[in-house]
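Undergrad: this one's structure only:
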């Protein structure tokens, strides 16, 4: 016990004020006190101005009830520096079950606590950021709406607003992992398409944890929004039993990886393959956006519905 | 009185969101009563005659809509909680119940959710 690297001390509860009667070398190293400064004193000499009275009360209660507990308590070294001590304490009995000593083992958990605090801080920050971003998108939506109303162009305003809100949803998913520099493609897809399938029965998602650089978010989010909005107006989602399957995967050569997204509609109004519908205005917008991102979209008008394949260069995190 | 349109309280500390919701309440055929902060909202609640309310949860400076929600709950007026931060929502507000509408949601949908909650008795009385 004298040589273990875990700091340990023994206190004698039968003497007045339960003094320390033994402290090992690790205890002396941890606290900075010499043996003659330790022996004969109650453990409370390690406490200081920042020590939480509630933690002291827990220790006191454990001693009164001869309980074994672990209490994290702010203690002070001989030089005045504070450290977080994970104090493990409990009774030691003799063969007849009579109380002999209390043991205390001390472990400096300052680093662990600091890491926990940092993590909590980062989480709070991400949440605040998310809150502000949602609020900002709500404000932008408000501006577009009342401008449209004042100008008598409510429909145009609604179309613009739907695009902006789709963008907002796509970005929202990125905030939780803001520090990682990349996004999970599937999460962004689900979040953008969520409002088009409130019951979760009409859009099937197939994909894995493919990740991409942030830059893919806007084009991907808006393109899928256009496909979904179109499906609601003219395609599979305009019929109660129509369905969409969307899948995403990584493809292409190792030096030129690609995100490939398949959008497959079924159960919509029947299409005549010969009579390919004239591209609606929003289609050309998707084509333009995909082209600007150095990707493309290919549409196949099948009898059972539209099949669209989107390709976008995959920019992975810099290694 | 029976033909009077419904009055809907709209509380949000962001003027532009308030403006958008005000229009949406008008578009739904109701009378919007807007409040930018707690004091204004409580005055409107005291005057009574509300059919429903739309309450932004976080009103800045650590304030929440809780006092307004309590007053409305006591009067039996339904409300929706319109918030961008469901996680951080005050536990007390959460306990009060009410329909949660996450921000951003189109203003017309927020208003529709608020009016859905109006009890049938009130609908008969005011319709």
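TA: Thanks, I have the structure now. Keep in mind the model is a prediction, meaning the values are calculated, not measured.
Undergrad: low pLDDT regions in chain B?
TA: Applying pLDDT under 70 to chain B flags the ranges B:1-3, B:85-94, B:120-127.
Undergrad: please enumerate the helices of it.
TA: Remark: helices assigned in chain B by DSSP state H are B:15-27, B:38-47, B:66-75, B:91-96, B:107-116, B:120-126.
Undergrad: those helices: which one's closest to residue A:203?
TA: Of all these, helix B:107-116 sits nearest to residue A:203, with 19.4 Å by C-beta to C-beta. Where you see a C-beta, it was placed from the backbone N, CA and C, and this is true even at glycine.
Undergrad: check which helices and strands the closest one sits against.
TA: For helix B:107-116, the contact count by 3 or more C-beta pairs under 8 Å, 6 or more residues apart in numbering or on different chains; DSSP states H and E identifies helix A:110-151, strand B:7-11, helix B:15-27, strand B:50-56, strand B:79-83, strand B:99-102 as packing neighbours.
Undergrad: CSV for these, including mean neighbour count and distance to residue A:235?
TA: Below are the helices and strands packed on helix B:107-116 laid out as CSV (neighbours: other C-beta atoms under 10 Å in any protein chain shown; distance: least, C-beta to C-beta, whole Å):
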stretch, mean neighbour count, distance to residue A:235
helix A:110-151, 15, 25
strand B:7-11, 26, 36
helix B:15-27, 21, 29
strand B:50-56, 26, 34
strand B:79-83, 24, 32
strand B:99-102, 16, 27
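Undergrad: mind checking which of these is nearest residue A:10?
TA: helix A:110-151 (24.3 Å).
Undergrad: got the contact list for the following helix or strand past the closest one?
TA: Following helix A:110-151 in sequence order, the next helix or strand is helix A:154-172 (DSSP states H and E). Contact partners of helix A:154-172, identified using C-beta atoms under 8 Å, 6 or more residues apart in numbering or on different chains, comprise A:130, A:133-134, A:137, A:140-141, A:144-145, A:147-149, A:151, A:188, A:191-192, A:194-195, A:217-218, A:220-222, A:224-226, A:229, B:104, B:106.
Undergrad: now helix A:154-172: buried residues?
TA: Neighbour-count burial for helix A:154-172, counted by 16 or more other C-beta atoms under 10 Å in any protein chain shown, picks out A:157, A:159-172.
Undergrad: get me the contact residues on chain A for chain B.
TA: Near chain B, the residues belonging to chain A are A:127, A:130-132, A:134-135, A:137-139, A:141-143, A:145-146, A:149, A:161, A:165, A:168 when assessed by C-beta under 8 Å from any C-beta of the partner chain.
Undergrad: ok, back up a step: wait, which of the helices and strands packed on helix B:107-116 is closest to residue B:38?
TA: The minimum distance between residue B:38 and those falls on strand B:7-11, with 8.0 Å, by C-beta to C-beta.
Undergrad: tell me the strands beside the closest one, with direction?
TA: strand B:31-35 (parallel), strand B:50-56 (parallel) (DSSP bridges).
Undergrad: what's in contact with the first one?
TA: The list of residues contacting strand B:31-35 from outside it, by C-beta under 8 Å, 6+ apart, reads B:5-11, B:18, B:21-22, B:25-26, B:40-41, B:43-44, B:50.
Undergrad: what comes up buried for that strand?
TA: Within strand B:31-35, the residues scored as buried using 16+ other C-beta under 10 Å are B:32, B:33, B:34, B:35.
Undergrad: between that strand and helix B:107-116, how big is the angle?
TA: 100 degrees (axes from the mean of the first three to the mean of the last three C-alpha atoms, to 10 degrees).
Undergrad: doesn't residue A:96 belong to a strand?
TA: No: with DSSP: H, G, I helix; E, B strand; the rest coil as the criterion, residue A:96 is assigned coil and is not in a strand.
Undergrad: show me what contacts it?
TA: Listed by C-beta under 8 Å, 6+ apart, residue A:96 has no contact partners.
Undergrad: quick check: it vs chain B, distance?
TA: Going from residue A:96 to chain B by C-beta to the nearest C-beta, to the nearest Å gives 51 Å.
Undergrad: tell me the spacing between that residue and residue B:80.
TA: In this view, residue A:96 and residue B:80 are 68 Å apart by C-beta to C-beta, to the nearest Å.
Undergrad: quick one: the helices in chain A, in order.
TA: Using DSSP H, helices in chain A cover A:25-31, A:35-38, A:53-64, A:110-151, A:154-172, A:185-193, A:216-233, A:281-292.
Undergrad: other SSEs contacting the last one?
TA: Right, the one you point to is helix A:281-292. Judged by 3+ C-beta pairs under 8 Å, 6+ apart, helix A:281-292 is in contact with helix A:216-233, strand A:296-302, strand A:305-313.
Undergrad: what number of residues lie near the closest residue to residue A:310 other than its chain neighbours?
TA: Distance criterion C-beta to C-beta, 6 or more residues apart in numbering or on different chains; nearest residue to residue A:310, sequence neighbours excluded, is residue A:261 at 4.3 Å. Number of residues near residue A:261 (other C-beta atoms under 10 Å in any protein chain shown) recorded here: 24.
Undergrad: for residue B:84, same thing?
TA: 21.
Undergrad: quickly note the distance from it to residue A:84.
TA: Distance from residue B:84 to residue A:84, by C-beta to C-beta: 35 Å.
Undergrad: again with residue A:29
TA: Taking C-beta to C-beta, one finds residue A:29 at 16 Å from residue A:84.
Undergrad: looking at those two, which one has more neighbours?
TA: residue A:84 (17 against 11).
Undergrad: contacts only, for that one.
TA: Going by C-beta under 8 Å, 6+ apart, residue A:84 touches A:72, A:73, A:74, A:75, A:108, A:109, A:110, A:112, A:113.
Undergrad: now render those residues as JSON lines, adding pLDDT.
TA: Below are the contacts of residue A:84 laid out as JSON lines (pLDDT from 0 to 100):
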{"residue": "A:72", "pLDDT": "93"}
{"residue": "A:73", "pLDDT": "94"}
{"residue": "A:74", "pLDDT": "94"}
{"residue": "A:75", "pLDDT": "95"}
{"residue": "A:108", "pLDDT": "93"}
{"residue": "A:109", "pLDDT": "92"}
{"residue": "A:110", "pLDDT": "91"}
{"residue": "A:112", "pLDDT": "90"}
{"residue": "A:113", "pLDDT": "89"}
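Undergrad: show me what from chain B comes close to chain A.
TA: Contact residues (C-beta under 8 Å from any C-beta) of chain B with chain A: B:14, B:16-17, B:19-21, B:23-24, B:58, B:84-85, B:87-88, B:102-104, B:106-107.
Undergrad: fine by me, thanks again.
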